[in-house]
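Trainee: sharing a model that was predicted from the sequence below.
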Amino acid sequence: MAWTLHKKTFDPVCGKRITPMSSDIAAVHERHLFYFCSQHCRSAFLETPADFVATGPASKKSWWGRYLKRVEKTTGGKPPCCH
């Protein structure tokens, strides 16, 4: 398992910005390390981690999500040809 240490990350429950070097509240879920601002957020995450972990594609509201939706529509769901 490869561990990476980011300078800043976000609490997946409340969205608060966290500095991993100064946070001692963390949990591992599906080989990913998550940091939390409080024990309350950590326990909420551990009860139902699927509610807080984004496993699907990018949000359709973002520009990248809209782009992917257009590409999918244009190509019929097949990846675009690069040549």
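Mentor: Great, that's in hand.
Trainee: when you work out contacts or count neighbours from here on, use the C-alpha atoms and nothing else.
Mentor: Fine.
Trainee: how far away is the most centrally placed residue in the chain from Lys73?
Mentor: By CA atoms, centre = their mean, the chain has its centre lying nearest to Ala54, at 5.0 Å. Distance, Ala54 to Lys73, by CA to CA, to the nearest Å: 23 Å.
Trainee: Cys37 now?
Mentor: For Cys37 relative to Lys73 (CA to CA), the value is 40 Å.
Trainee: more crowded one of the two?
Mentor: For the pair Cys37 and Lys73, the greater number of neighbours falls to Cys37 (22 against 11), based on other CA atoms under 10 Å.
Trainee: for the more buried one, which residues are in contact?
Mentor: Asp11, Lys16, Ile18, Ser23, Ile25 (CA atoms under 8 Å, 6 or more residues apart in numbering).
Trainee: phi first, then psi, for the third one.
Mentor: Per-residue torsions, Ile18: phi -120, psi 140 (degrees, to the nearest 10).
Trainee: quick thing: my sequence starts at 59, can you match it?
Mentor: Got it, first residue is 59 now, which makes that one Ile76.
Trainee: ok, now which ones touch it?
Mentor: Here Ile76 is in contact with Lys66, Thr67, Phe68, Asp69, Tyr93, Phe94, Cys95 (criterion: CA under 8 Å, 6+ apart).
Trainee: how far does the worst-scoring helix or strand of the chain on mean pLDDT sit from the chain's center?
Mentor: Across the helices and strands of the chain, mean confidence by mean pLDDT, DSSP states H and E is lowest for helix 121-133: a mean of 77. Mean-position distance between helix 121-133 and its chain equals 20 Å (CA atoms, centre = their mean, to the nearest Å).
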